[in-house]
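>>> Need a 3D model of the sequence below.
(4 chains)
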Protein chains: 2
Amino acid sequence: MAGGAPRRLPTLDEVAERAGVSRSVASRALNNAPHVSRAKREAVERAVRQLGYVPNPTARALATRQTGAAALVISGEDPSIFADPFFAQVIVGASAALEEAGLHLMLCLAASERGRERVAELLRGKGADGVMLMALREDDPLAELAEQAEMPVVFGGRPVGSTPRWFVDADNTGGAREATEYLLSRGRGRVATICGRLDTEAGRARYRGYRDAMLGAGIDPLPPREADFTEAGGAAAMAALLAEHGDVDGVFAANDNMAVGALRTLREAGRAVPAEVAVVGFDDLAVARVADPPLTTVHQPITALGREMARMLVALVGGQDPTPLILPTRLVVRASA
Amino acid sequence: MAGGAPRRLPTLDEVAERAGVSRSVASRALNNAPHVSRAKREAVERAVRQLGYVPNPTARALATRQTGAAALVISGEDPSIFADPFFAQVIVGASAALEEAGLHLMLCLAASERGRERVAELLRGKGADGVMLMALREDDPLAELAEQAEMPVVFGGRPVGSTPRWFVDADNTGGAREATEYLLSRGRGRVATICGRLDTEAGRARYRGYRDAMLGAGIDPLPPREADFTEAGGAAAMAALLAEHGDVDGVFAANDNMAVGALRTLREAGRAVPAEVAVVGFDDLAVARVADPPLTTVHQPITALGREMARMLVALVGGQDPTPLILPTRLVVRASA
DNA sequence: GAGGGGACTGGTAGCGCTTCCAGTTCCAGG
DNA sequence: CCTGGAACTGGAAGCGCTACCAGTCCCCTC
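Below is the predicted model of the structure:
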């Protein structure tokens, strides 16, 4: 905004005129479609350069019925959920994959009622070529909206209670099972879990993994101790756990944030980690490496998750029918267990 | 995508026909513009409901020459810079403010050359109604592009070496000065700084704050010890600092990530914090509360920064001429100093 | 040298919406 | 009962681009 006159941008008509061709040819040259002679193609390119022409994306969108943008919708009534670095990594992956495909990324934090409405409009009014949906809760109104949308929808993680046609998820159950089995294999007999919100599929799946591992070892699993995936929630859950089961010697926390909270509570309670209580997290965020002691955790490929979601969406937009993807997790052993 | 026929969405024409009015009236009714009788307005509303009509945002954009979207561009050659939770908070603020104004948020991680090009197109081709620009480096090519763009541009933080017409920044110098003065006031005589990248204005401004405070107290400031705003960088810088100035008793780190790294190095070196060395950070991210010991740090209103950037942009898009904003910081005293 | 096919070309019809403007309707006031 | 003006209405002209299609041109083959 140089403050000068609001100069109109050159249009394709002007480019065509300057290049001495028709608008159609100019259009084809620009989209390097066939049926343009070499000479005219070059003339068009020259005209574009001279005029500093940039195609108007809106007009193009109207004509092609493609917006050139994909939306990433993050549900959840509390916008602070987004503060979880998890999403930042997803975005990095999705952004890179979309960029490759020439799509823009629209980010929708569907927290407020108003935000939800706007997502609904987006979905129903073709405001984007496709949508990636994450962090859905049980009975999330977005789920139904997505179902009805005449638009490709890829889920990141699965919604509770239904398996969408297209999704990318991490192997939550497998990862949680591996974590728990690891604790058991290290001689921990009283292993508890601080599970995430059980109104999310990730929370449930990770609890299932814990339970499966316990049952597999012939030990009664403890009932789920639910927390909200935050550090504070993890700390509180750990405190409650100590109060009820003072003899616990291993904890699988369903994400790193809660694990870090648990570490804090244990430290404050004077319990040595891992000597007295071993702790395993889930996610392998940056915080896991920095925690004290460094956190043993289940690594999930978060950036890849974003990338694959975007790729799946791109395939869908391109008329293909990709298959859902479940990404592998792996245990990263550090000092806390 | 129910898999059914790709049913065409109802258009305004159909709404108008059904309501028994002309397209113009229907349009006006929808945008609740004047010159529509009550009866027709209601008829239109009814038709909209019956048909499940949603205006096509692309067509609207073409006609109004407004895209209804604002872009947030985060520069930096390394996309992992985005992993800094700082940006997540900015996004939360910006998203909320844009939502209020009815604008969508496009997120551009301008890391690769390709990404940069796409931003350039966005800027020159009116792909958005306005742009928020962050994390510019010295000689960032984006700066010039923004200058030439016929489009409102708001800077988050200031680019090195120039003061843009519209920006929102935190009081970096003031905050850094306060942090350093606090260390000095607690009897620390050998205060060093781990400063951020000096090819960013934030890095420079915070170093200036440190230097000013030192000079104000009549003490020679140490030369800037540059790190890259990451935890690993902070840890390395702290190690180097200990090697060169073993008697340091206070450290001001230019952000929390580096401060946490410094804490780790100090712990590993067996230096007690704050007894032997006091540490102060900058940002007041979540990690500061969780650090061991909890980090004394300079709080900056990051969400507000995002919010105010967006508001400024909205004002600009609306034809107003807002004034730049410098947001206050404040020292949050915890255990590390 | 005529016929045929393929590579180009440009006119034209949209895409779905807003907005200008000329025309119509409706009342209050004269 | 007529007039003037305000409120309302709808036809039509775009916004800038793509895409279909009929037409032109060139060159190769029989």
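
>>> so where's the stretch 1-150 of chain A shaky on pLDDT?
A:1-7 (pLDDT under 70).

>>> and if we set it to 90?
For the stretch 1-150 of chain A, the stretches with pLDDT under 90 are A:1-9, A:17, A:19-25, A:31-41, A:75-85, A:110-118, A:121, A:124-126, A:135-150.

>>> what does the stretch 51-200 of chain A have sitting close to DNA strand D?
A:53, A:55, A:56, A:59, A:60, A:62, A:63, A:64 (C-beta under 7 Å from any atom of the strand). To be clear about C-beta, it is placed using only N, CA and C from the backbone, and glycine gets the same treatment.

>>> So which bits of stretch A:44-52 are buried?
For stretch A:44-52, a neighbour-count test (16 or more other C-beta atoms under 10 Å in any protein chain shown) marks A:44, A:47, A:48 as buried.

>>> export these to CSV and tack on distance to residue B:121?
As requested, those are arranged in CSV below (distance: C-beta to C-beta, whole Å):
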residue, distance to residue B:121
A:44, 17
A:47, 18
A:48, 13
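
>>> Keep only the residues you listed that also lie close to DNA strand C.
Okay, of the buried residues of stretch A:44-52, nothing touches DNA strand C (C-beta under 7 Å from any atom of the strand).

>>> Closest one of those to DNA strand C?
Closest approach to DNA strand C among these (C-beta to the nearest atom of the strand): residue A:44, at 9.3 Å.

>>> And the closest one, how close does it get to residue A:37?
Using C-beta to C-beta, to the nearest Å, residue A:44 is found at 10 Å from residue A:37.

>>> so who does residue A:254 touch?
Residue A:254 sits next to A:176, A:193, A:194, A:195, A:196, A:202, A:203, A:206, A:207, A:227, A:229, A:282 when contact means C-beta atoms under 8 Å, 6 or more residues apart in numbering or on different chains.

>>> Ok, residue A:304 next?
A:93, A:327.

>>> Wasn't residue A:193 part of a strand?
Yes: the assignment for residue A:193 (DSSP: H, G, I helix; E, B strand; the rest coil) places it in a strand.

>>> Am I right that it is in contact with residue A:180?
Yes: between residue A:193 and residue A:180 there is a contact at 7.3 Å, judged by C-beta atoms under 8 Å.

>>> joint contacts of these two?
Joint contacts of residue A:193 and residue A:180 (C-beta under 8 Å, 6+ apart) are A:210, A:252.

>>> count of neighbours near the closest residue to DNA strand C within the stretch 1-150 of chain A?
Distances between the stretch 1-150 of chain A and DNA strand C by C-beta to the nearest atom of the strand are smallest at residue A:22, namely 2.7 Å. Applying other C-beta atoms under 10 Å in any protein chain shown, we find 13 residues neighbouring residue A:22.

>>> Likewise for residue A:268?
11.

>>> hang on, isn't the residue of the stretch 1-150 of chain A closest to DNA strand C packed against residue A:13?
No: applying C-beta under 8 Å, one finds residue A:22 not in contact with residue A:13, separated by 9.7 Å.

>>> so what's the backbone phi/psi at the most centrally placed residue in chain A?
Centroid check for chain A by C-alpha atoms, centre = their mean gives residue A:90 as the closest residue, at 4.3 Å. Phi and psi for residue A:90, reported as degrees, to the nearest 10, are phi -60, psi -40.

>>> Which parts of the stretch 101-250 of chain A are strands?
A:104-109, A:130-134, A:153-156, A:167-170, A:191-195, A:225-226, A:250-253 (DSSP state E, counting those that start in this stretch).

>>> now, of those, which is deepest in the fold?
Across the strands of the stretch 101-250 of chain A, averaging neighbours per residue (mean count of other C-beta atoms under 10 Å in any protein chain shown) puts strand A:250-253 on top, at a mean of 30.

>>> any idea which helix or strand comes after that one?
The C-terminal neighbour of strand A:250-253 among helices and strands, as given by DSSP states H and E, is helix A:256-268.

>>> For whatever helix or strand comes next after that next one, what is the distance to the chain centroid?
Where DSSP H and E defines the elements, the next helix or strand beyond helix A:256-268 is strand A:278-283. On the basis of C-alpha atoms, centre = their mean, to the nearest Å, strand A:278-283 sits 20 Å off its chain's mean C-alpha point.

>>> Chain B contacts on the stretch 151-300 of chain A?
A:151, A:152, A:153, A:165, A:231, A:260, A:264, A:267, A:286, A:287, A:290, A:292 (C-beta under 8 Å from any C-beta of the partner chain).
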